[in-house]
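Visitor: What would the 3D arrangement of this be:
(one chain, ligands or ions: 2)
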Amino acid sequence: MNAEPLKAGFVAVVGRPNVGKSSLINALLGQKIAIVSAKPQTTRRNQLGILTDPGVQIVFVDTPGLHEPRNPLGAYMMDSAGRALADADAVLWIVDVSVAPTGGDRHAVTRVLEAAPRAPKVLALNKSDKLKPAQVLTHTAAYRAMLPDAAWMLVSATRGDNLAEIRAMLVAALPESPALLYPEDEVTQTHLRDLAGELIREAALHALEQEVPHGIAVDVIDYDESQPDEVRISAEVIVERDTHKAIVIGKGGTMLQRIGTQARREIEDLLGAHVYLDLHVKVEPGWRDNARQVRRLGYRPEE
Ligand SMILES: Nc1nc2c(ncn2[C@@H]2O[C@H](COP(=O)(O)OP(=O)(O)OP(=O)(O)O)[C@@H](O)[C@H]2O)c(=O)[nH]1
Ligand SMILES: [Mg+2]
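Guide: Numbering: from 1, shown residues only. Ligands and ions are numbered 1, 2, ... in the order given. So this is what the prediction gives:
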């Protein structure tokens with residue numbers, strides 16, 4: 001008999017854009033469930049990453065980076081992060097410890113304390129691999145002072161440093177639970193069709209420069225698993241302007257081909273199956289400013 005009670009709960013993973021929230025969740029799970037890019041505001045909707053071990057289930061809720069919204073898409077993103085915080089049993093606040101705190105971090109911590117006043121907090125000082133030795137003490141102290149009651153740890157999502165330690169802190173912060181919250185073999189609740197759409201958007205984020213990536217959405221039009229040895233996916237890459245359409249297609253279609261090849265490889269890794277991917281580019285002028293279009297593209301609170 002195992003005398004230890006079961007611990008299980010939701011951990012809202014929050015912080016400023018680009019600090020490594022999605023990377024750290026993928027690293028803790030040992031599996032890629034969330035897309036990652038060097039561009040801020042990569043994550044647009046909440047996504048679960050479920051880690052189950054004997055006696056423990058940590059349900060990570062990846063969230064969009066905390067920022068001041070400038071359009072209906074941003075408002076949806078901040079609403080998502082707020083809901084994750086309100087529902088959280090514990091909060092994992094992630095910062096980029098390689099740089100000193102800014103107004104953005106103060107804003108983020110205020111949001112965390114307002115939306116989840118009672119949930120225990122753990123502070124992950126991420127990107128410690130980039131931290132200069134002379135800044136270890138000052139940066140660590142500056143971030144710790146912003147959330148003095150939180151357990152804390154220097155980590156690196158990309159190098160895999162101190163993952164077991166931060167995990168143990170999260171388990172300590174979780175409540176006891178009479179049962180697991182999700183089946184033990186479940187890693188996420190996101191449908192494969194939606195994950196495929198995210199991987200296409202990730203490939204586009206990686207391939208494109210400047211302002212284009214922020215205005216991209218992906219609409220999976222068809223996801224056909226009826227063939228035994230091939231998944232056939234048809235998707236539209238939505239952009240905000242004609243000029244962006246030309247950039248995404250590229251000279252002679254080379255850019256779209258590059259995005260498609262990269263996305264297809266990633267989706268094949270995810271599905272463990274051969275994938276046929278058909279991509280088209282469509283202009284929806286200024287879609288991020290139009291609440292109805294934002295909802296139509298799937299950015300709406302889950303029922
Ligand atoms: N050097 C270093 N880079 C990291 C680390 N963790 C993440 N990154 C990089 O930081 C960038 C942002 O990572 P994401 O995981 O997308 O960050 P995020 O916080 O989820 O970003 P948003 O979804 O935009 O809010 C990517 O280029 C990552 O490769 C780390 O520990 N060290
Ligand atoms: Mg993210």
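Visitor: Please put the alpha-carbon coordinates of stretch 225-244 into CSV.
Guide: Taking Å, rounded to 0.1, in the frame of the first residue of the first chain, the C-alpha atoms of stretch 225-244 are listed here in CSV:
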residue,chain,number,x,y,z
GLU,A,225,-7.5,10.3,-41.4
SER,A,226,-9.5,7.9,-43.4
GLN,A,227,-6.5,6.5,-45.3
PRO,A,228,-4.6,3.8,-43.3
ASP,A,229,-1.1,5.2,-44.1
GLU,A,230,-1.5,8.9,-44.7
VAL,A,231,-3.1,11.8,-43.0
ARG,A,232,-4.3,14.5,-45.5
ILE,A,233,-4.4,18.0,-44.2
SER,A,234,-5.6,21.1,-46.0
ALA,A,235,-5.1,24.4,-44.3
GLU,A,236,-5.3,28.2,-45.0
VAL,A,237,-2.6,30.5,-43.8
ILE,A,238,-4.5,33.7,-43.0
VAL,A,239,-2.6,37.0,-43.4
GLU,A,240,-3.8,40.6,-42.9
ARG,A,241,-2.6,42.2,-46.1
ASP,A,242,-2.0,41.5,-49.8
THR,A,243,1.7,42.5,-49.3
HIS,A,244,2.0,39.9,-46.5
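Visitor: Quick one: mean pLDDT over stretch 60-68.
Guide: Across stretch 60-68, pLDDT averages out at 97.
Visitor: quick one: secondary structure of I233?
Guide: Look at I233: counting by DSSP: H, G, I helix; E, B strand; the rest coil, its state is strand.
Visitor: so who does the residue nearest to it when sequence neighbours are not counted touch?
Guide: Using Cβ to Cβ, 6 or more residues apart in numbering and skipping the chain neighbours, the partner closest in space to I233 is L277 (5.1 Å). The C-beta positions use only the backbone N, C-alpha and C, and glycine is treated the same way. By Cβ atoms under 8 Å, 6 or more residues apart in numbering, the contact list for L277 reads I200, I233, S234, A235, G260, A263, R264, I267.
Visitor: could you list every residue that touches the second one?
Guide: For I233, the residues meeting the contact criterion (Cβ under 8 Å, 6+ apart) are A196, V220, D222, Y223, D224, I267, V275, Y276, L277, D278.
Visitor: List the beta-bridge partners for it.
Guide: Here I233 sits in beta bridges with Y223, L277, going by DSSP bridges.
Visitor: Restricted to buried residues, select the contacts of L277 in ChimeraX.
Guide: Command for ChimeraX that selects the buried part of the contacts of L277, burial taken from 16 or more other Cβ atoms under 10 Å:
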select :200,233,235,260,263,264,267
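Visitor: related to what we said a few turns ago, just the buried subset of the contacts of I233, please.
Guide: Buried among the contacts of I233 by 16+ other Cβ under 10 Å: A196, V220, Y223, I267, V275, L277.
Visitor: Between which two of these is the distance greatest?
Guide: Spanning the widest gap among the buried ones among the contacts of I233 are V220 and V275, at 12.3 Å by Cβ to Cβ.
Visitor: mind listing the strands for the stretch 51-200 of the chain?
Guide: Counting by DSSP state E, counting those that start in this stretch, the stretch 51-200 of the chain has strands at residues 56-62, 90-96, 121-126, 151-154.
Visitor: Nearest to Y182, out of these?
Guide: In terms of Cβ to Cβ, the element of the strands of the stretch 51-200 of the chain nearest to Y182 is strand 56-62, at 6.7 Å.
Visitor: Say whether ligand 2 is contacted by that closest one.
Guide: No - Strand 56-62 does not reach ligand 2 (Cβ under 5 Å from the ion); its nearest approach is 5.9 Å.
Visitor: Give me the residues contacting that strand.
Guide: 6-13, 21-22, 25, 28-29, 33-34, 43, 46-51, 84, 87-88, 92, 167, 170-171, 174, 177, 180-182, 184.
Visitor: filter the residues you listed by proximity to ligand 2?
Guide: Counting by Cβ under 5 Å from the ion, K21, S22, T43 from those sit close to ligand 2.
Visitor: List the contacts of the last one.
Guide: What that stands for is T43. K21, S22, A34, I35, D62, T63, P64, G65.
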